[in-house]
Structures are given as structure tokens and as C-alpha cells.
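Asks: Mind looking at a prediction? Sequence and model below.
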Amino acid sequence: MATWASMLTLDSSSPLMEQLIFFHDHALSILLMITILVGYLLLDLLFNKQINRFLLEGQTVEVIWTILPAVTLIFIALPSLQLLYLVDETKTPLISLKSIGHQWYWSYEYSDFKNLEFDSYMIPPQEMKHFHFRLLDVDNRTVLPYNTQIRLLVTAADVIHSWTIPSLGMKIDATPGRLNQISFLMNRSGLFFGQCSEICGANHSFMPIVIESISPKSFIKWVSSQI
């Protein structure tokens, strides 16, 4: 069973987030190589008494300085385009969840089940128990099964909100009069915390999001107890 410490970390909890972390490390390694190369050349030009004319002028060096950036951009663009496709791809979902942003709480509707909906408010500090997380826990957690493709439909009832779970690599705007859609899959159990990341008013920082990831069998029992 996952510990409280592991539940609070922002380690990858979905295949999408794993790809985002990989792309971050990939781009950072390229940036590091460029920084080392340019830094070495600058130091060589500043402190080397015998200046290498090859680095300053000539057709060969001009060709190199033209080709290298182009090749670098290709190595960045290819995984970037693949990742953009994965983010926008909509797979066949097994469960549909609708989230509605309000000032300042979230409402959830399980579209596949009858009369399964609730509001999710942040637990006030004066009502917290010793096992709650300050400004992060809610009175009604969003329960979902892991290893299950889930479709999330997001909208808002008043102003623009943003439904965000960092460990799942998810961030989608909740816009009044518009229904946005995103698909995701969780690969482990635990509690995944997020918050509205769009400035939506005075209590913007007090509308957290909590997803409780459980096994499919436990999810079926939870649904049976709620209906």
C-alpha cells in the first residue's frame, strides 16, 4: 500500500507524465551540451593568447554553425511532435467523468452511472483531522480506478478555471459555455493532489483537487455503495 509520503510526491503517475519527464530530460541534455560547447569556445577566445582563426572566419566554420543548429532543432522537434500527438489523442474511454468549476469548488458527475454526483470543497483548517493535508484535502475525493482509460470533460459555471493534476501531467481549462475534453490513465494507486491553476477570484487558492486512485474491483464496490 502506498505511503503518505509517496502519495504527496509529484513522481510520474501516468504514461503521459513519464513521456513529459523524458522530453524534459532530453531537451535539458541538449541544452547542457550547447552551453558547455559555447562556454568552452568563449573561454578559449578570451584567455588563449593564440586565437584560433578557424573559429572566427572561414567557409567551413560558417557551414558548421549553420548545420549544427538545424540538426539540434530536429532532435528536439521529433519527440516534441510525438508528445503533442499523445497529449491530444483521444482513446476509447471506459469511464467518463465530468468536472464543473465554480467559485470556489468543483462539482463532479460520473456520467456512466445514474445519480452519482457530488461537490468537492476544501476542508477548512478548523475542521481538519490529524490525517488531513492543509489546503490540499477535500471533503469528497474523486475516486477513480487505475489502469483504466478515463475521459475527463471539463467546463465552468461562472469564470475560467483550470483543472490541474501535476503528477498526471494534466492541465485543462474549464471555460463557461465550452466543454473541453482530455483522456488519461493512472498506473498506480494513491492520492494525487492538484489545484485550480487559473486565477479565478479571491478564493482561487482554496479549490484543491484530490483524486483517489484505487483498484477496479474496489472502484466497483465504491460505486455500489454510492448509488
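Replies: Alright, I've got the coordinates.

Asks: Look up the closest residue to the residue nearest to the spatial centre of the chain, ignoring the ones flanking it.
Replies: Nearest to the geometric centre of the chain sits residue 169, at 2.0 Å (C-alpha atoms, centre = their mean). Take residue 169 and drop its neighbours on the chain: the residue closest to it by C-beta to C-beta, 6 or more residues apart in numbering is residue 17, 3.5 Å away. Just so you know, the C-beta spots here come from the backbone N, C-alpha and C atoms, and that holds for glycine as well.

Asks: you'd agree the one you found is in a strand?
Replies: No. Looking at residue 17 with DSSP: H, G, I helix; E, B strand; the rest coil, it is helix, so not inside a strand.

Asks: related to what we said a few turns ago, pLDDT wise, what is the residue nearest to the centre of the chain at?
Replies: On pLDDT, residue 169 comes in at 85.

Asks: In three-state terms, how would residue 33 be classified?
Replies: For residue 33, the secondary structure call by three-state DSSP comes out as helix.

Asks: domain ranges for this protein?
Replies: As recorded under automatic domain parsing, the domains making up the chain are 15-88, 95-226.

Asks: from memory the residue nearest to residue 169 sits against residue 168, does it?
Replies: Yes. In this structure, residue 17 is within contact of residue 168 by C-beta atoms under 8 Å, at 5.9 Å.

Asks: With neighbour numbers in mind, choose between those two.
Replies: residue 168 (25 against 21; other C-beta atoms under 10 Å).

Asks: Chain neighbours aside, what residue packs nearest to that one?
Replies: Counting by C-beta to C-beta, 6+ apart, residue 168 lies nearest to residue 14, which is 4.6 Å off, once chain neighbours are set aside.
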